[in-house]
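In: Fold the following, please.
(2 chains)
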Amino acid sequence: MISPDLLADLKVPGPTETALSGPFWEAAERGQLLVQHCSACNRSILYPRRICPHCWSVDLSWQVASGRATLRTWSSIVRPGHPAWEPAAPYTVALAELDEGPTLLTQLRAEPQGLSAGLPLRVVFMRVGGRTLPFFEPAS
Amino acid sequence: MRRSLGAIVGIGELAPKRRTHGETTLGMIAEAARLAVADAGLEPAAIDGLLVGPQVGETPQHVPATVSEYLGLMPNMADVVDLGGASGAGMVWRAAAAISAGMCEAVLCVLANTREETAPRSPNRNPIREFDVPFGASGANAAYAMIKQAHMAEYGSRDEDFARIASAARANAQRNPQAIFHGKPASVEDVLASPMIASPLRLLEIVMPVAGGAAVVVVSPDRARSLPRRPVHLLGAGEKITHRALSQAPSLTSGPLKPAMARALAGAGVDKDDLDLLSLYDCYTIMVATTLEDLELCPPGRFGDWLADSDLGPEGDTPLNTHGGQLGFGQPDLAGGMTHVIEAVRQLRGNTPGRQIPDAQLALVTGNGATMSEATALVLGDEP
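Out: You can find the predicted model right below:
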């Protein structure tokens, strides 16, 4: 698994932040994971949107997530799709289902051998090429 | 009971190539179009409808006008069909619908791509670029690897089950001289020994990107009667789009092809057991596995048992991707999806030298785009 220092030094494409998503990435820099919450249907949403994709309400606000999640699936990337990630390979990308409901694509701080579907995860913020991103690691 | 919604009367296909050298997409579109219109026995001026794919980078906007102008056409209906690997199948029913609506009489559906050494990276600013790419998850391999991993975790499916799909595709490709892997069969052991790309996906479970092109001409069933080729009829179509990014998918082990195929078969009045050819979109082995299960040829998770009992060759009990599929033919970008339409037309015309399915009457064609996101299914028949 790539060291935190090498991860921080990668020259990889960062998030293409928008006015709407800005608070999500700014919170990540502070070590906080935010989700959008819809007051009309009481569901949480990620990625952030202008309207709730479940009920089309615009009554959306940011909430701090628990950082707890469950592993749905994963892949150990041997040949990255973007050449800038090659120094980090192999690394493990995954789908993490947050306790609040939404699923995030993320990267795991874990070796792939011990992984299984349903594994409890917790968020861990990592520096990646000058940005701070919500990675996940096994909760135990 | 059955009713033709439209007829495919011409096909054109370019041999796949690993690289192009200074060619343009417009030029390759023109070559595929020329072949299809000639095959239909039509004059170019008879084409009054045009469906094309998006051409990110080369022609970002006004694609139908650019292509029409290049081909010297002035169509009465034109549009971009932007459904990834489902675009080819998606074009066929849209062509029939436009004819049925009285907008035009003969529609050219065409897809082609170059493959130069120095392709520019995409200027995307979509949610995948913002929320997936920064984590090192660029490209389709990561997504389909996670879909395969989910299937293995949920059902205990085995690598050798998936490898059998790739090996069968290569076996069928040995009977298609155009296929990029003609002369290069691969055993189950070869597939399992190929390098890991994104676990649990190995190299030979992934399509080879190539340059190429494919086109079909769709006319009304009435018009088809006056044309030289034996027409192949569209009997039913279904389509479903559920998401774009894998994180937003409603399921990782069943896709939008499930309702799309059910709708196509119901519309055609055809039972899945009556199909003579399964022309199933196969960007990865896992895509075929999921499609077989979504078609309910076997219970969820049991595609491996089904494959062990099936012969997928042209003379077999369940011919599947007799052109080699994209796993054996190569994937000419969006035209890769159209290869499944073209092979179905060839088989239903009854003149596919070296690999003709005996008495082929009904075919199911599927298209799949993005990350098991966009799905189109067609039922094609040799008569209305």
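In: use CA for all of it now, contacts and neighbours both
Out: Fine.
In: Can you give me the pLDDT of the residue of the stretch 151-300 of chain B found nearest chain A?
Out: Residue of the stretch 151-300 of chain B nearest chain A, by C-alpha to the nearest C-alpha: B:Ala198 (4.3 Å). What the model reports as pLDDT for B:Ala198 is 98.
In: B:Gly57 now?
Out: 66.
In: what's the answer for B:Arg2, then?
Out: 82.
In: and the stretch 201-350 of chain B, which residues reach chain A?
Out: B:Ser247, B:Gln248 (C-alpha under 8 Å from any C-alpha of the partner chain).
In: buried stuff in the longest helix seen in chain A?
Out: Secondary structure of chain A per DSSP state H: the longest helix is helix A:22-29. Of all the residues in helix A:22-29, those buried under the rule 16 or more other C-alpha atoms under 10 Å in any protein chain shown are A:Pro23, A:Phe24, A:Trp25, A:Glu26, A:Ala28, A:Glu29.
In: Now for the closest residue to B:Val216 other than its chain neighbours, how many residues are close by?
Out: If the residues on either side of it in the chain are set aside, B:Val216 comes closest to B:Ile11, at 4.4 Å by C-alpha to C-alpha, 6 or more residues apart in numbering or on different chains. When neighbours are defined as other C-alpha atoms under 10 Å in any protein chain shown, B:Ile11 has 28 of them.
In: Rebuild the buried residues of helix A:22-29 as a markdown table, extending it with distance to chain B and pLDDT.
Out: Formatted as a markdown table, the buried residues of helix A:22-29 follow (distance: C-alpha to the nearest C-alpha, whole Å; pLDDT from 0 to 100):
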| residue | distance to chain B | pLDDT |
| --- | --- | --- |
| A:Pro23 | 14 | 97 |
| A:Phe24 | 11 | 98 |
| A:Trp25 | 10 | 98 |
| A:Glu26 | 14 | 98 |
| A:Ala28 | 13 | 98 |
| A:Glu29 | 14 | 97 |
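In: Give me the phi and psi for the residue nearest to B:Asp132 when sequence neighbours are not counted.
Out: Leaving out its chain neighbours, the residue that sits closest to B:Asp132 by C-alpha to C-alpha, 6+ apart is A:Leu105, at 5.9 Å. Main-chain torsions, A:Leu105, degrees, to the nearest 10: phi -80, psi 130.
In: hang on, A:Leu105 packs against A:Thr92?
Out: No. A:Leu105 is beyond contact range of A:Thr92, at 10.9 Å (criterion: C-alpha atoms under 8 Å).
In: Which one's more surrounded, the two?
Out: A:Leu105 (28 against 25).
In: Enumerate every residue touching that one.
Out: A:Val93, A:Ala94, A:Leu95, A:Ala96, B:Phe131, B:Asp132, B:Phe135, B:Ser247 (C-alpha atoms under 8 Å, 6 or more residues apart in numbering or on different chains).
In: got the residue ranges for the strands in chain A?
Out: Counting by DSSP state E, chain A has strands at residues A:34-38, A:43-45, A:60-64, A:68-77, A:91-98, A:103-108, A:120-128, A:131-138.
In: Make a markdown table from these and add mean pLDDT to it.
Out: Shown next, in a markdown table, are the strands of chain A (pLDDT from 0 to 100):
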| stretch | mean pLDDT |
| --- | --- |
| strand A:34-38 | 98 |
| strand A:43-45 | 97 |
| strand A:60-64 | 98 |
| strand A:68-77 | 98 |
| strand A:91-98 | 98 |
| strand A:103-108 | 98 |
| strand A:120-128 | 98 |
| strand A:131-138 | 98 |
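In: could those be laid out in a markdown table, adding distance to A:Thr18?
Out: As requested, these are exported to a markdown table (distance: least, C-alpha to C-alpha, whole Å):
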| stretch | distance to A:Thr18 |
| --- | --- |
| strand A:34-38 | 15 |
| strand A:43-45 | 16 |
| strand A:60-64 | 15 |
| strand A:68-77 | 25 |
| strand A:91-98 | 23 |
| strand A:103-108 | 18 |
| strand A:120-128 | 19 |
| strand A:131-138 | 15 |
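In: closest one to B:Ser187 among these?
Out: For B:Ser187, the closest of the strands of chain A is strand A:68-77, at 24.5 Å, according to C-alpha to C-alpha.
In: Could you tell me the angle between the closest one and strand A:120-128?
Out: Angle, strand A:68-77 to strand A:120-128, by axes from the mean of the first three to the mean of the last three C-alpha atoms, to 10 degrees: 60 degrees.
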